[in-house]
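[1] Based on what follows, work out the 3D shape:
(chains A and B)
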Amino acid sequence: MTDDTAAIAVEGLRKRYGDVQAVDGVTFEVRRGEFYGILGPNGAGKTTTMEMIEGLREPDEGSARLLGQPSWPRDPALLRRIGVQLQASAFFDKLTAREQIHTFAALYGVGTERADAMLESVGLAEKRDVRDNKLSGGQAQRLSIACALVHDPELLFLDEPTTGLDPQARRNLWDLLRQINSAGRTVVLTTHYLDEAETLCDRVAIMDAGRILRVGRPADLVAELGVHNLEDVFLQLTGREYRE
Amino acid sequence: MTAFRSLSRAMTLGLLRDRTAVFFTLLFPLLFLALFGALFQSDSLTKSTWVQVGDVAVLDDMPDEELAALSDVLTLVKSADREAALEDVRQGDADAAVWEEDGRIEMRYSAADATTAGTVQGLMQSIVQSANVAATGQPPAFELATDQVEDKSVKPIQYLTPGLLGWAIAQGAAYMSAFTLVNWRKKRILRRLWLAPVSPGTVIGARVGVSLAIAFLQVAIFVGVACIPFYGLHLTGYWWLALPLVATGTLAFMSIGLLIGAWAKTEEAANGALQLVILPMAFVSGSFFPNDAMPSWLRTLSNILPLKHLTQALQDVLSRGQGWGAALPTLGGLLLFAAVLTALASRLFRWDDA
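    Alright, predicted model coming up:
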């Protein structure tokens, strides 16, 4: 069955915290099977936008539809179809890698065999009896991605998955993310590494001050602004002042 | 595995693998029971030692069977040196010195230990009285009979077990709910669970289920240890009412933990706040020693503390032979307390630290 509704359709999202307009009218669409990046300096409103799209926060205005369904209010049927990696440390205390993924699998009604296979596919089969606090940064990131993928979601959200990794671990993780995307899943990524966004993403959205400044293929943005790479695009759009 | 079972398993393993938590929440109160139970093993018989200087007729002429009956409470040591005997009493090596002068029996005791002073005087009075009655050759005109109101088997262990068990339950239940809330918020597991197709009821149910199972385990261990002959706890008829009492108590203390967990940003802050709440509550509620001697305002204050009511109801059903009448008001009160504090905690609830 082919479904041509967008993977993500966001329209006019707004969120205010006290005096701060954190998100100020965000609209964009992510197509099925796309690898999409959301970029922006600290305080640009990326996190709040992501949280509203995922259904963690209620928007003041606007709506976010995932796979054709609204993400707010919470809809368990929709949650079965999406995977979220919040950050590498979102693990249960004192459990081994294998126990972590079994616990997450059970939340989605997925059996332990599939969970073990998932652990193997991110290269953690040998580390399965290691507790979460004894895993290296790269291993913890791979485990958290495996936990997000254990129920075979159609749409995957990744929150700065390569922060704090060494170049080897980072490149290996890129390969894993490409595999996940080429298996037909839609992937949405936030990152501070512009080279990462440039190599991985089909399209990126650059945000600042609660708005989307520009959306496009990284190569097109580079050409449009007549600069060398995506980092130049980013700095030209968002300026060079220190943030937070 | 279902979500409920796997979450329960994750919580149980997380607790059991945390050695410090296991020690302070589960083993520490048990050590108190073992220690206090041994220290206060027999406070009903206070044995005293008297030093008799020279001849004392009432003691020397006492019939053998009477002397034998007194040997449970009294050890007599003979001495010829009155000064040395008085020094022994001053030093606390003997409880009284006794001698006779011109038909007058003289006794000296130390005021340092009021209980012993009272005991030795009372005992000497009764010895002198019965000697006087015997000297008249008449049967006594009045006789006094005394007995304690409790079951003959009452021992300190029967007050210690309910008190320390109540404290153990309070400590364990409050710690576990506060820790889970703070830790899961800090590690973003709360958010991760929100984004999984699992109902809040399943998550809360798993947390309550694990806490209840651990509380019942504590009851089994406490009562099991207290029942070994060395401690000698005797359970009275309605002892099983302790189970619903402990269950509602667990809910009440979990709600205290929830309130602290909703407020605290770190596990350390939660732990500190818990100690500030639970330990004074245990003292005021009479978990360690009866609170009869406390000032009346403090006793009034203790009436709003769930631990006081739990401890009292546990004593009633475990060792005073009372039944539903003693348990029901406490069951209702503990549930009400839990409902109010949980509602309060839900108003303070935050998804993240910021």
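
[2] so after the helix or strand where residue B:244 lies, what's the next helix or strand?
    Assessed by DSSP states H and E, residue B:244 sits inside helix B:242-263. Downstream of helix B:242-263, the first helix or strand assigned by DSSP H and E is helix B:267-284.

[3] quick one: is that next one near chain A?
    No. If you take C-beta under 8 Å from any C-beta of the partner chain as the test, helix B:267-284 misses chain A, and the best it gets is 9.7 Å. To be clear about C-beta, it is placed using only N, CA and C from the backbone, and glycine gets the same treatment.

[4] okay, the angle between that helix and helix B:242-263?
    Inter-element angle recorded for helix B:267-284 and helix B:242-263: 140 degrees (by axes from the mean of the first three to the mean of the last three C-alpha atoms, to 10 degrees).

[5] Send over helix B:267-284 as CSV, restricted to the C-alpha atoms.
    Extracted in CSV, the C-alpha atoms of helix B:267-284 (Å, rounded to 0.1, in the frame of the first residue of the first chain):
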residue,chain,number,x,y,z
GLU,B,267,18.9,12.4,43.5
GLU,B,268,21.1,13.9,46.2
ALA,B,269,18.6,16.6,46.9
ALA,B,270,15.8,14.1,47.1
ASN,B,271,17.8,11.9,49.4
GLY,B,272,18.6,14.8,51.8
ALA,B,273,14.9,15.9,51.8
LEU,B,274,13.8,12.3,52.5
GLN,B,275,16.1,12.0,55.5
LEU,B,276,14.8,15.4,56.8
VAL,B,277,11.2,14.1,56.6
ILE,B,278,11.3,10.4,57.4
LEU,B,279,13.7,10.3,60.3
PRO,B,280,12.1,13.0,62.5
MET,B,281,8.7,11.6,61.5
ALA,B,282,9.9,8.2,62.8
PHE,B,283,11.0,9.7,66.1
VAL,B,284,7.9,11.7,66.7
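
[6] And it, what's buried?
    Under the neighbour-count criterion of 16 or more other C-beta atoms under 10 Å in any protein chain shown, helix B:267-284 has B:270, B:271, B:273, B:274, B:277, B:278, B:281, B:282, B:283, B:284 buried.

[7] hey, C-alpha coordinates of the lengthiest helix in chain A in PDB?
    Counting residues, the longest helix found in chain A (DSSP state H) is helix A:167-182. The C-alpha atoms that make up helix A:167-182 are tabulated as PDB, following Å, rounded to 0.1, in the frame of the first residue of the first chain:
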ATOM      1  CA  PRO A 167      35.800  10.800  14.200                       C
ATOM      2  CA  GLN A 168      35.800   7.000  13.800                       C
ATOM      3  CA  ALA A 169      32.700   6.500  15.800                       C
ATOM      4  CA  ARG A 170      31.100   9.400  14.000                       C
ATOM      5  CA  ARG A 171      31.800   8.000  10.500                       C
ATOM      6  CA  ASN A 172      30.500   4.600  11.600                       C
ATOM      7  CA  LEU A 173      27.300   6.100  12.900                       C
ATOM      8  CA  TRP A 174      26.800   8.000   9.600                       C
ATOM      9  CA  ASP A 175      27.000   4.600   7.800                       C
ATOM     10  CA  LEU A 176      24.400   3.200  10.200                       C
ATOM     11  CA  LEU A 177      22.100   6.200   9.600                       C
ATOM     12  CA  ARG A 178      22.400   5.900   5.800                       C
ATOM     13  CA  GLN A 179      21.500   2.300   6.100                       C
ATOM     14  CA  ILE A 180      18.400   3.100   8.200                       C
ATOM     15  CA  ASN A 181      17.400   5.700   5.600                       C
ATOM     16  CA  SER A 182      18.000   3.600   2.600                       C
END
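
[8] Please name every helix or strand in contact with that helix.
    Helix A:167-182 makes packing contacts with helix A:137-149, strand A:186-190, helix A:194-200 when contacts are defined by 3 or more C-beta pairs under 8 Å, 6 or more residues apart in numbering or on different chains; DSSP states H and E.

[9] how about residue A:158, secondary structure?
    For residue A:158, the assignment made with DSSP: H, G, I helix; E, B strand; the rest coil gives strand.

[10] pretty sure it is touching residue A:190, no?
    Yes. Contact between residue A:158 and residue A:190 holds when scored by C-beta atoms under 8 Å: they sit 7.3 Å apart.

[11] Setting aside sequence neighbours, what's the nearest residue to residue B:266?
    Spatial nearest neighbour of residue B:266, excluding adjacent residues (C-beta to C-beta, 6 or more residues apart in numbering or on different chains): residue B:182 at 6.7 Å.

[12] Residue ranges in chain A under the pLDDT threshold?
    For chain A, the stretches with pLDDT under 70 are A:1-3, A:88, A:244.

[13] who touches the residue most central in space within it in this structure?
    Among the residues of chain A, the one closest to the centroid is residue A:158, at 2.3 Å (C-alpha atoms, centre = their mean). By C-beta atoms under 8 Å, 6 or more residues apart in numbering or on different chains, residue A:158 lies in contact with A:85, A:145, A:148, A:177, A:187, A:188, A:189, A:190.

[14] now do 6 Å
    Residues near residue A:158 by C-beta atoms under 6 Å, 6 or more residues apart in numbering or on different chains: A:85, A:189.

[15] Please apply the same query to residue A:165.
    Each residue near residue A:165 by C-beta under 6 Å, 6+ apart is listed here: A:137, A:138.

[16] And stretch B:341-350, what's buried?
    B:341, B:342, B:345.

[17] ok and the residue in chain A nearest chain B?
    Nearest to chain B in chain A, going by C-beta to the nearest C-beta, is residue A:106, at a distance of 3.4 Å.

[18] ok, and the closest non-adjacent residue to that residue?
    In space, and not counting its chain neighbours, residue A:106 is closest to residue B:6: 3.4 Å by C-beta to C-beta, 6+ apart.

[19] Got the confidence number for that neighbour?
    pLDDT for residue B:6: 94.

[20] right, and it touches residue A:105 too?
    No. Residue B:6 is beyond contact range of residue A:105, at 7.9 Å (criterion: C-beta atoms under 6 Å).

[21] Same drill for the two, tell me which one is more crowded.
    Neighbour totals were compared for residue B:6 and residue A:105, and residue A:105 leads with 25 against 21 (other C-beta atoms under 10 Å in any protein chain shown).

[22] Specify the local secondary structure of the more buried one.
    Under three-state DSSP, the three-state class of residue A:105 is helix.

[23] separation between it and residue A:119?
    Distance of residue A:105 to residue A:119, given as C-beta to C-beta, to the nearest Å: 10 Å.

[24] Residue A:147 now?
    9 Å.

[25] Need the residues touching each of the two.
    Common neighbours of residue A:147 and residue A:119, using C-beta under 6 Å, 6+ apart, are residue A:101.

[26] Who has more neighbours out of these two?
    residue A:147 (28 against 25).

[27] Around the closest residue to the more buried one other than its chain neighbours, how many other residues sit close by?
    Spatial nearest neighbour of residue A:147, chain neighbours left out: residue A:104 (4.3 Å); criterion: C-beta to C-beta, 6+ apart. Burial of residue A:104 is recorded as 30 neighbouring residues (other C-beta under 10 Å).

[28] isn't residue A:146 right up against residue A:117?
    No. Between residue A:146 and residue A:117 there is no contact under C-beta under 6 Å: 9.8 Å.

[29] Please say which of those two ends up with more neighbours.
    residue A:146 (25 against 13).

[30] quick one, what contacts the more buried one?
    A:101, A:118, A:119, A:122.

[31] mind running it again at 8 Å?
    Contacts for residue A:146 (C-beta under 8 Å, 6+ apart) come out as A:101, A:118, A:119, A:121, A:122, A:124.

[32] need the residues of the stretch 151-300 of chain B near chain A, please.
    So the stretch 151-300 of chain B meets chain A at B:183, B:187-189, B:191-199 (C-beta under 8 Å from any C-beta).
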